[in-house]
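K.L.:
got a predicted structure plus its sequence, pasted below:
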Amino acid sequence: MRVEDINYMIKETDFMQQNCQEIWAKCMEMIKENVQPETYDTWFKPIIPIKLENKEITLQIPSHFYYEVLEEKYVHLISKTLKFYIGPDAKLIYTVQMEKDGNNSSSINIPSTKGEIKTQNPSIPMPSSNNRIMNPFIIPGLQKLTIQSQLNPNYTFENFIEGECNQLARSAGIGLATKPGKSAFNPLFIYGNVALGKTHLAHAIGNEVKKLHPNKVVLYVPCEKFLSQFVDSVKSNQINEFINFYQLIDVLIVDDIQLLIGKEKTQEAFFTIFNHLHQNEKQLILTSDVAPKDLKGIEERLLSRFKWGLSADLQVPDQETRIAILKSKMKNEGVEMPDDIIEYVAMHINTNVRDLEGSLIGILAQSSFNKKEIDIELAKSVIKNFIVNNHRELSIDSITATVADYFKLKPEQLKEKSRKREIVQARQIAMYFAKESTKSSLKTIGLYFGGRDHSTVIHAITTVNDLCDTDKHFKGYVEDLRKKFHNNYLA
Ligand code: ADP
Ligand code: MG
């Protein structure tokens, strides 16, 4: 019988009072007809039926990994089979054989895609017996276990232009997206200077995995956020919950992993997460501004793991790729520009992709403000200013001056100890832009703003990110300011 035929018969099937072994034997026959022989031998033969009570069947499976595979790939088949033989309200409980120490009776309930299947005793190897799971991405009170990927849908492979500068990283990303966790690229470690496309590529891989494997749990997390979630979990005495949460992910992307430098406790937590995911063939994707060997201040055992898979760097795009990137951005914006101007921009802006985008926007803006045709003279003047001002503007001083002015404060006020709300807010935004737009370290930024600690800067950045997500007005301020910085480059 094919599984498709089963659906309509379910309603007619009464619950049959037979013993558990017999019923499961029948289920196995039906399953055997619907899967490949190897699949049957590998994933179904080792299952041992334990008991059947009140239409709830308990199946013993060899490991937590079985649970994941069965839930991910075969849950519909199992569910339909059980409903057929037990009745429409059949329930399934998996029990996992625990290791020797195991009179551990902790349990988590993960609703299956169909909602009626529960699991018991998954052997997540945790240091404590407390296997509760906390999702740090949701607001307390709304505890449900749907994990939003936090991916930016605008960062895809389609708009990530290929060049020699990114060939290895890009093709490794495309490759691993077809079989996340099961390729040689685990972890995939992407590194390179600022604004060369690490974040874009990391999201693109995540989006591609989602497209190819909609059931996989993908999570993108900026390392800053990971750090602050860890700090929160320490404060609320929920480190294990924090680790448990991350161990549920199928494809974990951590952006800017260099921020773990000097954070020993967070590194320890990440080490546990990394090991669990890697052992269970889950995919890790990490980005960093330097190669693993240059990550001084990260524990050796983590560094050696970073090198297990593939490290691929992103370089400054060559002229040809820069032209392709400009053309692609213009197509997205629905604008046109003569080829000689595109070439001129590509020739002169050879720092990174964000500068390339910035100069393009500058030319378009100048042309529309002044109602001038885009010609080579206009491009020249914008690029001249862009190069000069780009360097002049990208200082903490000028950022502070612009932010203070915007909030009608004096720059000095942002460096004072004041805890007044509007000053704190302006200071946090200035710190945020200082990190985003200058090469200054967190430490330098902290010192600049009145001798504060680097963790204050991290906190500021996280707060700004969070508020941008939740507070429209606040987001407006940040966007206004970002525009101001752009326009100033080009004034
Ligand atoms: P990083 O994380 O390395 O600092 P980002 O991923 O934030 O860099 O990239 C900066 C900007 O450049 C983003 O707007 C991104 O879309 C763009 N970008 C980078 N590389 C490419 C590329 N190969 N094709 C298209 N856009 C790119
Ligand atoms: Mg980035």
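P.N.:
Thanks, I have it. Ligands and ions are numbered 1, 2, ... in the order given.

K.L.:
all contacts plus neighbour counts: C-alpha atoms, from now on.
P.N.:
Noted.

K.L.:
wait, what's in contact with the closest residue to residue 283 other than its chain neighbours?
P.N.:
The shortest distance from residue 283 to any non-neighbouring residue, by CA to CA, 6 or more residues apart in numbering, is to residue 181 (4.0 Å). For residue 181, the contact set (CA atoms under 8 Å, 6 or more residues apart in numbering) comprises 250-251, 278, 281-284.

K.L.:
how is residue 181 classified with respect to secondary structure?
P.N.:
coil (DSSP: H, G, I helix; E, B strand; the rest coil).

K.L.:
any idea of the pLDDT on it?
P.N.:
Predicted confidence (pLDDT) for residue 181: 95.

K.L.:
dihedrals phi and psi, it?
P.N.:
Residue 181 adopts backbone torsions of phi 90, psi -20, taken as degrees, to the nearest 10.

K.L.:
tell me where the stretch 351-491 of the chain has helices.
P.N.:
353-369, 376-393, 396-406, 421-437, 442-448, 454-470, 472-490 (DSSP state H, counting those that start in this stretch).

K.L.:
can you tell which of these is closest to ligand 1?
P.N.:
helix 353-369 (4.4 Å; CA to the nearest ligand atom).

K.L.:
about what we covered before: mind putting the helices of the stretch 351-491 of the chain in CSV, mean neighbour count and mean pLDDT included?
P.N.:
Converted to CSV, the helices of the stretch 351-491 of the chain look like this (neighbours: other CA atoms under 10 Å; pLDDT from 0 to 100):
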stretch, mean neighbour count, mean pLDDT
helix 353-369, 18, 90
helix 376-393, 17, 75
helix 396-406, 19, 91
helix 421-437, 21, 93
helix 442-448, 18, 91
helix 454-470, 18, 93
helix 472-490, 16, 80
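
K.L.:
closest to residue 271 out of those helices?
P.N.:
With CA to CA, the closest approach to residue 271 among these belongs to helix 454-470: 21.1 Å.

K.L.:
now the one helix or strand residue 347 maps to and helix 353-369, what's the angle there?
P.N.:
Assigned by DSSP states H and E, residue 347 falls within helix 339-348. Helix 339-348 and helix 353-369 are oriented at 140 degrees to each other (axes from the mean of the first three to the mean of the last three CA atoms, to 10 degrees).

K.L.:
may I see the buried residues of helix 339-348?
P.N.:
For helix 339-348, burial by neighbour count (16 or more other CA atoms under 10 Å) applies to 341-343, 345-346.

K.L.:
and residue 149, how many neighbours?
P.N.:
Applying other CA atoms under 10 Å, we find 21 residues neighbouring residue 149.

K.L.:
okay, and it sits in which element?
P.N.:
Using DSSP H and E, no helix or strand contains residue 149.

K.L.:
tell me if I'm right that it and residue 215 touch.
P.N.:
No - the criterion here is CA atoms under 8 Å, and residue 149 misses it with residue 215 at 11.5 Å.

K.L.:
pLDDT below threshold where in the chain?
P.N.:
1-18, 97-146, 388-394, 486-491 (pLDDT under 70).

K.L.:
now do 80
P.N.:
For the chain, applying pLDDT under 80 flags the ranges 1-18, 62-66, 68, 72, 96-146, 385-394, 485-491.

K.L.:
ok, the residue nearest to the spatial centre of it - contacts?
P.N.:
Centrality entry for the chain: nearest residue to the mean C-alpha point is residue 220, 0.6 Å, by CA atoms, centre = their mean. Contacts for residue 220 (CA under 8 Å, 6+ apart) come out as 149-151, 203, 206, 252-255.

K.L.:
please repeat the previous calculation with a cut-off of 10 Å.
P.N.:
148-152, 199, 202-203, 206-207, 251-255, 285-286 (CA atoms under 10 Å, 6 or more residues apart in numbering).

K.L.:
what packs against the strand or helix carrying residue 302?
P.N.:
Using DSSP H and E, the secondary-structure element containing residue 302 is helix 300-306. The criterion is 3 or more CA pairs under 10 Å, 6 or more residues apart in numbering; DSSP states H and E, and the helices and strands that helix 300-306 contacts are helix 264-279, strand 283-288.

K.L.:
would you mind getting the angle between the shortest one and helix 264-279?
P.N.:
Angle, strand 283-288 to helix 264-279, by the same axes, to 10 degrees: 140 degrees.

K.L.:
mind listing what's buried along strand 283-288?
P.N.:
283-288.

K.L.:
so can I have JSON lines of these showing distance to ligand 1?
P.N.:
Listed next are the buried residues of strand 283-288 as JSON lines, based on distance: CA to the nearest ligand atom, whole Å:
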{"residue": "283", "distance to ligand 1": "20"}
{"residue": "284", "distance to ligand 1": "17"}
{"residue": "285", "distance to ligand 1": "13"}
{"residue": "286", "distance to ligand 1": "11"}
{"residue": "287", "distance to ligand 1": "8"}
{"residue": "288", "distance to ligand 1": "8"}
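
K.L.:
and of the buried residues of helix 339-348, the nearest to ligand 1?
P.N.:
residue 346 (13.3 Å).

K.L.:
the closest one is in contact with residue 325, isn't it?
P.N.:
Yes - here residue 346 reaches residue 325: they are 9.1 Å apart, a contact under CA atoms under 10 Å.
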